[in-house]
Every structure is written in structure tokens, then in C-alpha cells.
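Asks: Got a predicted structure plus its sequence, pasted below:
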Amino acid sequence: MAQEPFPEAELWLLLGRAVQDSPVAKRLGRDFAEAFGSRFAVVSTDSLLLGVTGGKLSLYDLTGRPVTPPRVAVVRLAMTSLSSDREITLLRQLQAMGTELINPPDAVLTCVNKFWQLQRLAEAGLPVPDTRTYTDTRPDRALVGIPEPCVVKAVRGSGGHQVFLARDAAMVADVQGCLRPDVPFLFQRYVEHSHGRDLRVIVVDGRPVAVGLRTASNGLMQSNVSLGGTVEPCPGRYPVAEQLAVRAAEEVGLVLAGVDLLFEEDGTFTVCEVNANVRWGARVTQVTEALIAACAGRLT
């Protein structure tokens, strides 16, 4: 049976294998198809082959037929399993062939590692929690001078998983054998005033389009919805925080970003994390609307 021709489209929703069936991906596919019609296609990262042919970059489908790269691609990838040798290589190829990516590979790669993004934000002078991490040494040998109490989190992780609160360095030393050996961990200042709550700001093209106060359930420190937290929409309530989120997204280089901000006791905010693969609920329609507008502007 002959394989269907690869779709020719100006705009792609480029999906990694792990996120193809996610609610956000399905909603984006439906809404973008309605907005852009035949100019749009959903494309999986595992349906493409990369090449250099005659000294020029090339792209093929799995039958070896040439594929024309899109003018714009909205990218959805699983951050915890993302590989610089696989997905980032594909994004670099598309970018070099003229595709404008939402989000670009350097920004996505920065967000893969939570310490890489802290490096970028701190360099730009944005407020981030005091943090320690390590390279080759064991976690229990990296505890001198860590904040006490501290938040312990893997440099790769999402949804509030692999994050816990340690009252002191001794507690971290006690549990160090349970920490994943394949990635380092961060030891961050515990922002007690923000325990169980944070502000999630979704930024699109330099504009805050959705703002929500996230609150944890059952006394948890993490307020992630995936862990049972709730979200109260609050656009305009914290304008300074919204502008801080915009700056954080810009410094990392993201067109679409989910910025998590912590509440400090003095009324200011600290950037907790910047997320490249942000998720949002079905009722938060303004994010998709802003993305559609961003793509339409790039296609004109």
C-alpha cells in the first residue's frame, strides 16, 4: 500500500512522540486547522529524516521523498526526555533551512536544564533563588553551604515531580541515595512566604496572555495542577510580576513560555522556573488565540 504524500504546509504543529496525544496538542491541532485550513499540518518528529545533499541541508519523509520545510513551526516536545542529538538537531536543521520556530532550539535547550536557565536569568540581573548544584561529585559531597532549609529538585523534571523540601543539609545527606544518579540536583533557597502557591504567567510574543494564582492541595509545597493544585485566573492583579515574567521569557529566548513566580515576603517576586513546553486548560482560550495571531503575523 502506497504511503500518503507528506503534507505541504506553511505552518506546522511539530510534535514529539511523547506529547502527540496530550490534550494541549489535540486542541492546538483542531484550532489551528480551523484557523489556517490547508496552510496548516500536524507533523510528528519521528516522520522526518535529515540530510546534507550536494552541500546543502535537506529534509525527507520516511520514504525518502524531499520535504519542503514550513515557514513557521509551533514546537511541542517533552522536556524530560528531550535529546540534543535528536530533537534539538531537528530544530537546528529546520531553523537553518529558514523555518521560524516557536520556540527556537537554543531557548528550548536552555529550558531543558533548570540550572542553565538560572544561569541565563541571573546573568540578566533577574531575581532567582540562591542555588547550589554540582557536576561530577556525589550529592552528599556538595552540601557545604547549601541554603537551609532548601528545596531539592532535579535539573530535569516537570509537573512538580522530583522536588522536595529538606529542613537542613543532614536530611539531604540522609536521602542522597534516593536521588537519581543520571542528572544533578539543585539545592535552592526555600521561599517560605510562597509555600503552596505561586503565580503562573503564560507569555506569547512578549505579552502576558494568561495569569493564574496556583494553590496547592493538602499542604504541599508544589502548587502544580498535575499534583492536585487549583488555579485562580488573576490577570492584572500583579502587574509587576507580569512584566517580570515577560522579561524572563525574553531573556531565555522563548516566544511561548510559562513562567512560574514565587511570592517574597516584602511583596516582590522571584523567578522560580521558565517552561518551554507550557500546558494550559481548555478554558484558557486566550493562549491559543495569541498563538494563532503570532503565527498569522509571521505568515503575512
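Replies: Arrived safely. Worth saying up front: this structure is predicted, and the values here are computed from it rather than measured.
Asks: Okay, now the unreliable bits of the stretch 51-200 of the chain?
Replies: 137-142, 159-160, 176-181 (pLDDT under 70).
Asks: Quick one: list the elements packing against the stretch of helix or strand Arg298 belongs to.
Replies: Using DSSP states H and E, Arg298 sits within helix 285-299. Judged by 3 or more Cβ pairs under 8 Å, 6 or more residues apart in numbering; DSSP states H and E, the packing partners of helix 285-299 are helix 23-36, strand 72-76, strand 100-102, strand 197-204, strand 207-215. Using the backbone N, CA and C atoms, a C-beta is placed for each residue, glycine as well.
Asks: Show me what counts as buried in the first one.
Replies: For helix 23-36, a neighbour-count test (16 or more other Cβ atoms under 10 Å) marks Val24, Ala25, Arg27, Leu28, Gly29, Asp31, Phe32, Ala35, Phe36 as buried.
Asks: Identify all contacting residues around that helix.
Replies: The contact list for helix 23-36, computed with Cβ atoms under 8 Å, 6 or more residues apart in numbering, reads 10-11, 13, 15, 19, 40, 42, 74, 76, 279-280, 282, 288, 291-292, 295-296.
Asks: follow-up on the earlier one: closest to Arg247 out of the helices and strands packed on helix 285-299?
Replies: Arg247 lies closest to strand 197-204 among the helices and strands packed on helix 285-299, at 9.5 Å (Cβ to Cβ).
Asks: That closest one pairs with which strands, parallel or anti?
Replies: strand 207-215 (antiparallel), strand 256-263 (antiparallel) (DSSP bridges).
Asks: can you pull the contacts of the nearest residue to Gly219 once chain neighbours are set aside?
Replies: Distances taken as Cβ to Cβ, 6 or more residues apart in numbering put Gly196 closest to Gly219, at 6.6 Å, once the chain neighbours are dropped. The contact partners of Gly196, taken as Cβ under 8 Å, 6+ apart, are Thr215, Ala216, Gly219, Leu220, Met221, Ser223.
Asks: where's the fourth one relative to Lys153, distance?
Replies: When you say that, I think you mean Leu220. 14 Å (Cβ to Cβ, to the nearest Å).
Asks: So what touches stretch 236-252?
Replies: 107, 110-111, 117, 120-121, 124, 126-127, 199, 201, 203, 206-208, 211, 213, 235, 257, 259, 261, 268-269, 271, 274, 276.
Asks: Could I get the buried residue list for that stretch?
Replies: For stretch 236-252, by 16+ other Cβ under 10 Å, it's Tyr238, Ala241, Glu242, Leu244, Ala245, Val246, Arg247, Ala248, Ala249, Glu251, Val252.
Asks: repeat for stretch 44-51
Replies: Quick answer for stretch 44-51 (16+ other Cβ under 10 Å): Thr45, Leu48.
Asks: How about stretch 198-215?
Replies: Quick answer for stretch 198-215 (16+ other Cβ under 10 Å): 198-205, 208-214.
Asks: Using PDB, list the CA coordinates for it.
Replies: Presented in PDB, the C-alpha positions along stretch 198-215 are these (Å, rounded to 0.1, in the frame of the first residue of the first chain):
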ATOM      1  CA  ASP A 198       2.900  30.600  43.000                       C
ATOM      2  CA  LEU A 199       2.000  32.700  40.000                       C
ATOM      3  CA  ARG A 200       1.900  31.100  36.600                       C
ATOM      4  CA  VAL A 201       2.200  33.700  33.700                       C
ATOM      5  CA  ILE A 202       1.900  32.400  30.200                       C
ATOM      6  CA  VAL A 203       3.700  34.700  27.800                       C
ATOM      7  CA  VAL A 204       3.200  34.800  24.000                       C
ATOM      8  CA  ASP A 205       5.300  37.100  21.800                       C
ATOM      9  CA  GLY A 206       6.300  39.300  24.700                       C
ATOM     10  CA  ARG A 207       2.800  39.700  26.100                       C
ATOM     11  CA  PRO A 208       1.300  38.100  29.200                       C
ATOM     12  CA  VAL A 209      -1.900  36.400  27.900                       C
ATOM     13  CA  ALA A 210      -2.900  34.300  30.900                       C
ATOM     14  CA  VAL A 211      -2.100  34.700  34.600                       C
ATOM     15  CA  GLY A 212      -3.200  32.300  37.300                       C
ATOM     16  CA  LEU A 213      -2.600  32.100  41.100                       C
ATOM     17  CA  ARG A 214      -1.900  28.400  41.700                       C
ATOM     18  CA  THR A 215      -2.600  27.000  45.100                       C
END
